[in-house]
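Enquirer: no sequence for this one, just the structure:
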């Protein structure tokens, strides 16, 4: 690829040098004036020259792209946040390739245990009785016969025992695959687990890294497609809140409408607070059914559990809780026997909560639970803080710098650090008391 880039730059230089040489020639040999002018006119022709330079730039950019690098180093690392669609992307790629007859293997990280990965892939996951060399040799032969690379996809390396095995074995797997030029590999991992699962020295020399941003920049098309799939009439005003960048949120939103038998977005469901409330209500209604947790939906167990988690997070000035603490809080609302029937497990499986790891010191990490959507957490915590601290009679006093609410906006640095929470305040305060945040805290209006 570097040779291609060098050749492009050389060609561009040659074009410029030819033009300079012709100008010099004109000065030296006046008798060749007519020929020189014709040649110069041809080279300097704006359309031809611009097209040449434009195509050279395109070629140079492509040679420097991750796509081009993957042709030489066929090993992709896909990172992204929870719910952005990494798993669905891998499944879609596998489905399309298999339907085209291209050799493809799709594996899920959560299915791996602590054993050596190749033996697990061949014997446990694919049910074969051959050696590693025989398996890869057959895959290589199949790829050559089809005239295309075979592809091994392993989704979610951070799930299951992934935190323990991939950091140790991934480099060796890449070394093995480098001996089979007709086989490529793509793996995905949650962004926050990347440093724990992927050895640093592998990127970018042996793994080409790319980030999946979900539907960012394509929210309108995404809502149009999802609403059409679930038979929901699109509102006249597009729902372009950032949450619809997340495929998981959009899917759950549509499922919430679908489960309630709705074909239209209910009136008033355009504000972000209303969207969040509807999201939680739909999960409460679903989990209350007998085939799930079988409780009275009017008891609003999910809503109460969510509020309690937000309350504890707000009191701790944290966006996450330890797994054990979150589990204890949720089990108190709906005691159960076993993990499978627990409110804790179902709130995670429904995408309302997510598991992650958090640094608690320089060398120590903790497994924790957080709300899947950061803005959702901000709105929940803001609601709790306003419920607890705002004075409806004299709300301005509540935002004095020495008051609990005022502490979040006391100076410009604090505002920047709490920007998500301040955005939530800016939405919820007018909904509550018909006043804007800068009216209550005018000293921070210029930040």
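Expert: Received it, and whenever you're ready, just let me know what you need. This structure is a prediction, so every number in the text was calculated from the model and none was measured.
Enquirer: which residues of the stretch 1-150 of the chain fall in helices?
Expert: 2-28, 33-44, 46-64, 66-72, 86-99, 117-119, 132-146 (DSSP state H, counting those that start in this stretch).
Enquirer: the shortest one: which residues count as buried?
Expert: Of the residues in helix 117-119, 117-118 count as buried by neighbour count, 16 or more other CB atoms under 10 Å. Any C-beta I mention is one placed from the backbone N, CA and C, and that applies to glycine too.
Enquirer: circling back: pick out the shakiest of the helices of the stretch 1-150 of the chain, pLDDT-wise.
Expert: Mean pLDDT values for the helices of the stretch 1-150 of the chain show the minimum at helix 33-44, a mean of 57.
Enquirer: isn't residue 232 up against residue 254?
Expert: Yes: contact status for residue 232 versus residue 254: in contact at 6.2 Å, counting by CB atoms under 8 Å.
Enquirer: those two: which is more packed in?
Expert: residue 254 (21 against 18; other CB atoms under 10 Å).
Enquirer: how about the secondary structure of the more buried one?
Expert: Secondary structure, DSSP: H, G, I helix; E, B strand; the rest coil: residue 254 is helix.
Enquirer: hmm, it is touching residue 230, no?
Expert: Yes: assessed by CB under 8 Å, residue 254 is found in contact with residue 230 at 4.4 Å.
Enquirer: can you map out the strands along the protein?
Expert: 75-80, 104-108, 150-155, 183-190, 208-211, 321-322, 353-359, 365-371 (DSSP state E).
Enquirer: so which of those strands is nearest residue 67?
Expert: strand 208-211 (8.9 Å; CB to CB).
Enquirer: in its sheet, what does the closest one sit against?
Expert: If you go by DSSP bridges, strand 208-211 pairs up with strand 75-80 (parallel).
Enquirer: quick check: angle from the strand it pairs with to strand 183-190?
Expert: 20 degrees (axes from the mean of the first three to the mean of the last three CA atoms, to 10 degrees).
Enquirer: contacts for strand 75-80 next, please.
Expert: Identification of contacts with strand 75-80 by CB atoms under 8 Å, 6 or more residues apart in numbering yields 70, 86, 89-90, 174, 177, 184-191, 194, 198, 202-203, 206-214.
Enquirer: and the average pLDDT for it is what?
Expert: 94.
Enquirer: one more: stretch 285-303?
Expert: 92.
Enquirer: what's the answer for stretch 436-444, then?
Expert: Rounded mean pLDDT across stretch 436-444 is 90.
Enquirer: flag every buried residue along it.
Expert: 437, 440-441, 444.
Enquirer: what are the contacting residues of it?
Expert: By CB under 8 Å, 6+ apart, stretch 436-444 touches 395-396, 398-399, 401, 406, 409-412, 415, 422, 425-426, 429-430, 445.
Enquirer: what about 6 Å?
Expert: Applying CB atoms under 6 Å, 6 or more residues apart in numbering, the set of residues contacting stretch 436-444 from outside is 395-396, 399, 409, 415, 425-426, 429-430, 445.
Enquirer: which among the residues you listed end up buried?
Expert: Of the contacts of stretch 436-444, these count as buried by 16+ other CB under 10 Å: 395, 399, 409, 415, 425, 429.
Enquirer: JSON lines for the residues you listed, including pLDDT and distance to residue 226?
Expert: Conversion of the buried ones among the contacts of stretch 436-444 to JSON lines gives the following (pLDDT from 0 to 100; distance: CB to CB, whole Å):
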{"residue": "395", "pLDDT": "92", "distance to residue 226": "39"}
{"residue": "399", "pLDDT": "92", "distance to residue 226": "39"}
{"residue": "409", "pLDDT": "90", "distance to residue 226": "37"}
{"residue": "415", "pLDDT": "84", "distance to residue 226": "35"}
{"residue": "425", "pLDDT": "92", "distance to residue 226": "30"}
{"residue": "429", "pLDDT": "93", "distance to residue 226": "32"}
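Enquirer: got a markdown table for the residues you listed, with distance to residue 142 too?
Expert: Output for these, formatted as a markdown table (distance: CB to CB, whole Å):
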| residue | distance to residue 142 |
| --- | --- |
| 395 | 69 |
| 399 | 67 |
| 409 | 62 |
| 415 | 59 |
| 425 | 59 |
| 429 | 62 |
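Enquirer: backbone dihedrals for residue 74, please?
Expert: Main-chain torsions, residue 74, degrees, to the nearest 10: phi -80, psi 60.
Enquirer: for it, which non-adjacent residue is closest in space?
Expert: residue 184 (3.3 Å; CB to CB, 6 or more residues apart in numbering).
Enquirer: same thing with residue 311?
Expert: Nearest one to residue 311, counting by CB to CB, 6+ apart, is residue 384 at 5.0 Å.
Enquirer: next: residue 286.
Expert: residue 259 (5.7 Å).
Enquirer: flag the shaky bits of the stretch 201-350 of the chain, pLDDT-wise.
Expert: Applying pLDDT under 70 to the stretch 201-350 of the chain picks out residues 236-242, 267-272.
Enquirer: for residue 230, see how far away the residue nearest to residue 221 when sequence neighbours are not counted is.
Expert: In space, and not counting its chain neighbours, residue 221 is closest to residue 215: 7.9 Å by CB to CB, 6+ apart. Residue 215 sits at a distance of 16 Å from residue 230 (criterion: CB to CB, to the nearest Å).
Enquirer: if we can go back for a sec, select, out of the strands of the chain, the one closest to residue 139.
Expert: Using CB to CB, those put strand 150-155 closest to residue 139, at 4.7 Å.
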